[in-house]
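Chemist: Provided below are the primary sequence and the corresponding predicted coordinates.
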Amino acid sequence: MSRVLEFEGIRNFRHFGEYAARDGATVRSGLFRSGHFHNATEADRQKLVDMRISVVADLRRPRERDNEPSNWGEGLRILQSDVSGHKEPPHLRFIREGDMSLDGVAAWMRATYRRLPNEKGNQEVFAAGLRELATHGADEGFVVHCAAGKDRTGLFCALTLALAGVERDAIYDDYLMTNDAVDYDALVPMVQKRLLDTYGRDIPSDAMRRFLGVEPDYLDEAFDEIGSAEAYVSGVLGLSDDEIAAIRANLIAR
């Protein structure tokens, strides 16, 4: 059964629960990840209601939220950060003036994953999202997203699954699922045209696909930077041992 859920205006929406965890346990259901909600339709919003989504962790920066305001509907608890204010997000600056060759994109993406765990805004929402997971059960759906639902979101989900005791191979499988969940044959030319019209940049298709997708070595860089998930969540995000124990307990299906 596919983990990918179809929406009219939301890309890369999928379930990241129900993986095998340590000691024969299983991660609970009700855990979702996606791209932004700016283009969510009325049907999409009703689907979120039907799925009992109650908490949304939005990892985007304020300027991204201003450029593409979310279409969530009502009744949701929203987790966001205003750290970094209205500065231009790094990925937009890179698109505008960076080396968008195939090798240039790969190098920038690896550097990005070394940066993501250390950004204060990400840390703030990571911590808030994990604390929500310590108290909310499967009957209250949780969704985490950024712009594309692959980098910041991918790191949050990898941390969460690692805390739950999911095997590393399964964590990487979940992360890499973006490459199958998104229709890049349609998305790449659309983004190429937008960048040509907006910035006058004619980006090669292979470089554009690499920028919009994910690779195992990207996540490798983040884990090399972080060390163990528990050490990062405790030492950097500031969660207590009791909070980490509560997260682990609540992530397991009962």
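Modeler: In hand now; what should we look at? Numbers count the residues shown, from 1 in each chain.
Chemist: From here on, just use CA atoms for contacts and neighbour counts.
Modeler: OK.
Chemist: Distance from the chain centre to the helix or strand of the chain with the lowest mean pLDDT, please.
Modeler: Lowest mean confidence among the helices and strands of the chain (mean pLDDT, DSSP states H and E): helix 90-97, at a mean of 91. For helix 90-97, the separation from the chain centroid amounts to 19 Å (computed by C-alpha atoms, centre = their mean, to the nearest Å).
Chemist: Name the residues that touch that helix?
Modeler: Contacting residues not belonging to helix 90-97 are listed as 195, 199, 201 [C-alpha atoms under 8 Å, 6 or more residues apart in numbering].
Chemist: Please apply the same query to stretch 72-88.
Modeler: Taking contacts as C-alpha under 8 Å, 6+ apart, the residues outside stretch 72-88 that touch it are 37, 40, 45, 53-63, 120-122, 124-125, 128-129.
Chemist: Show me which parts of that stretch are buried, residue by residue.
Modeler: Taking 16 or more other C-alpha atoms under 10 Å as the neighbour-count basis, stretch 72-88 is seen to contain the buried residues 72, 79, 80, 81.
Chemist: Which helix runs longest in the chain?
Modeler: In the chain, taking DSSP state H as the definition, the longest helix is helix 184-199.
Chemist: could you say what helices and strands that one packs with?
Modeler: Here helix 184-199 is seen to pack against helix 205-212 when contacts are counted using 3 or more C-alpha pairs under 8 Å, 6 or more residues apart in numbering; DSSP states H and E.
Chemist: could you check the angle helix 184-199 makes with the helix it packs on?
Modeler: With axes from the mean of the first three to the mean of the last three C-alpha atoms, to 10 degrees as the criterion, the two stretches helix 205-212 and helix 184-199 enclose an angle of 90 degrees.
Chemist: Tell me which helix or strand comes right after helix 205-212.
Modeler: Note on helix 205-212: by DSSP states H and E, the next helix or strand toward the C-terminus is helix 216-226.
Chemist: Now whatever helix or strand comes next after that following helix: average pLDDT?
Modeler: Tracing the chain C-terminally past helix 216-226 and defining elements by DSSP H and E, one meets helix 229-235 next. Average pLDDT, helix 229-235: 97.
Chemist: Next: stretch 216-226.
Modeler: 97.
Chemist: buried ones in that stretch?
Modeler: The neighbour-count criterion (16+ other C-alpha under 10 Å) identifies 218, 219, 221, 222, 223, 225, 226 as the buried residues of stretch 216-226.
Chemist: Kindly export that stretch (C-alpha atoms) in CSV.
Modeler: What follows is stretch 216-226 as a C-alpha-only set of coordinates in CSV (Å, rounded to 0.1, in the frame of the first residue of the first chain):
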residue,chain,number,x,y,z
PRO,A,216,21.4,9.7,0.4
ASP,A,217,24.6,11.7,0.8
TYR,A,218,22.6,14.8,1.6
LEU,A,219,21.1,13.1,4.7
ASP,A,220,24.6,11.6,5.5
GLU,A,221,25.9,15.1,5.9
ALA,A,222,23.2,16.0,8.4
PHE,A,223,23.7,12.9,10.5
ASP,A,224,27.5,13.5,10.4
GLU,A,225,26.8,17.0,11.7
ILE,A,226,24.3,15.8,14.4
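Chemist: which other residues reach that stretch?
Modeler: When contacts are taken as C-alpha under 8 Å, 6+ apart, the neighbours of stretch 216-226 outside the stretch itself are 109, 110, 111, 113, 114, 115, 116, 117, 155, 172, 176, 232.
Chemist: farthest pair in those?
Modeler: 176 and 232 (22.1 Å; C-alpha to C-alpha).
Chemist: what about stretch 179-189, start to end distance?
Modeler: The straight-line separation of the ends of stretch 179-189 (C-alpha to C-alpha, to the nearest Å) is 16 Å.
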